[in-house]
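K.L.:
Sequence and predicted structure are below.
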Amino acid sequence: MNLRHIEIFHAVYVNGSVSGAARALNVSQPSVSKMLRHAESLLGFQLFHRTNGRLVPTEDAHTLFTEVSEIQDRVYALREAGRNLKRGAGGMLKVSALPSLALNALPTAVARFMRGHEGVRFDLQTVHHDDLLRKLYERETDVAIAYEVPHAAPIGHRWLGEGELVVLYREEDMPDAPPRIELERLRGRPFISLANSGPIGQLFSQECARLELDLDEVISARTFYIATALVAQGVGMTVVDSFTAQASLVPGLSMRPLKPQLTFDVHAMFLLNRPPTALATDFLKTLAKVIDA
């Protein structure tokens, strides 16, 4: 007997009729009758007697049901486990993200996802590009969200969206700022540099080199947090990614994208032998929508 035979036998035994079993399994009565006859043929003995319109189990059926009931319970448990995995009940997602994404985009996505997935738990942490591979290899995280996929690294990745470089400034320092700002407009103004800050810093440095532009760098900040705090204190302007700028906006601060536009990709990275689960894949779709917004 295979699992389908067991399911049919169990349903007929419990419901007492072919019609009742068909309703319980949401299948046709002829298919139940056919499968039941096939099971009896395989076993070599009859499972039910028809009495007054009902199917009465034989002694052999009573003996068999004890074993079948245990198997059916395990099948139900397996199905429920599958449903729980799909909806995330009791599931754990270990996600790491760059600090710039962890400021706003990641918390927004997590809050939105948890509203539709009761019981899911998160283990969240920040990660820098230099430490990304280690966290994946040592199983500290299942998925890492970053801007640049390490070259020649044996990892998989999925594109989630893109961001762009923006100027973060005090409104009183540039009250007539256009919708998009050319970097040339920053010449001669106090500037807070992030030239050594990973892919974003490299992207900005390459653009300055292309334009042969020398800015008045009054401070070189090692983190985006320091740079944005210095802008708020009136020390100067800075160029950061759109996610950092959006999360740092307070009354009196504004951001403008560059002209021409300088964009970068956002990727979810994972080990090739540990691709995202169905739950993680659903979460990444939510995060992609947040990034796109």
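P.N.:
The structure has been received and is ready for your questions.
K.L.:
ok, Leu43 - contacts?
P.N.:
Residues near Leu43 by CB atoms under 8 Å, 6 or more residues apart in numbering: 1, 60, 64. Where you see a C-beta, it was placed from the backbone N, CA and C, and this is true even at glycine.
K.L.:
My error: substitute Met237 in the last question.
P.N.:
For Met237, the contact set (CB under 8 Å, 6+ apart) comprises 167-170, 173-174, 186, 189-192, 231.
K.L.:
do that again at 7 Å, thanks
P.N.:
167-169, 173, 186, 189, 191-192, 231 (CB atoms under 7 Å, 6 or more residues apart in numbering).
K.L.:
Could you pull out the helices in the stretch 151-293 of the chain for me?
P.N.:
Along the stretch 151-293 of the chain, counting by DSSP state H, counting those that start in this stretch, helices occupy 198-211, 224-232, 242-248, 278-292.
K.L.:
Relative to the whole chain's centre, how far out is the second one?
P.N.:
What separates the centre of helix 224-232 from the centre of its chain is 29 Å, taken as CA atoms, centre = their mean, to the nearest Å.
K.L.:
repeat for the last one
P.N.:
Centroid separation between helix 278-292 and its chain, computed with CA atoms, centre = their mean, is 4 Å.
K.L.:
Ignoring the adjacent residues along the chain, who's closest to Leu211?
P.N.:
Nearest residue to Leu211, sequence neighbours excluded (CB to CB, 6 or more residues apart in numbering): Leu183, at 6.1 Å.
K.L.:
quick one: that neighbour from Val290, how far?
P.N.:
For Leu183, the distance to Val290 (CB to CB, to the nearest Å) stands at 28 Å.
K.L.:
again with Leu93
P.N.:
Note on Leu93: its distance to Val290, by CB to CB, is 15 Å.
K.L.:
Could you list the low-pLDDT ranges of the stretch 51-200 of the chain?
P.N.:
80-90, 195-197 (pLDDT under 70).
K.L.:
And the strands in the stretch 101-250 of the chain?
P.N.:
Taking DSSP state E, counting those that start in this stretch as the test, the strands found in the stretch 101-250 of the chain are 121-126, 143-146, 155-170, 190-193, 216-220, 237-241.
K.L.:
JSON lines for these, including distance to Leu47?
P.N.:
Below are the strands of the stretch 101-250 of the chain laid out as JSON lines (distance: least, CB to CB, whole Å):
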{"stretch": "strand 121-126", "distance to Leu47": "46"}
{"stretch": "strand 143-146", "distance to Leu47": "50"}
{"stretch": "strand 155-170", "distance to Leu47": "50"}
{"stretch": "strand 190-193", "distance to Leu47": "81"}
{"stretch": "strand 216-220", "distance to Leu47": "82"}
{"stretch": "strand 237-241", "distance to Leu47": "68"}
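K.L.:
Deepest-packed of those, please.
P.N.:
Comparing the strands of the stretch 101-250 of the chain by mean neighbour count (mean count of other CB atoms under 10 Å), strand 237-241 ranks first with a mean of 26.
K.L.:
From Met92, how far off is Glu118?
P.N.:
Look at Glu118 and Met92: by CB to CB, they are 14 Å apart.
K.L.:
What is the neighbour count of Thr108?
P.N.:
Using other CB atoms under 10 Å, Thr108 has 17 other residues around it.
K.L.:
these two touch, right, it and Val290?
P.N.:
Yes - between Thr108 and Val290 there is a contact under CB atoms under 7 Å: 5.1 Å.
K.L.:
just to revisit the earlier point, which one of the helices of the stretch 151-293 of the chain lies nearest to Asn15?
P.N.:
Of all the helices of the stretch 151-293 of the chain, helix 278-292 sits nearest to Asn15, with 33.0 Å by CB to CB.
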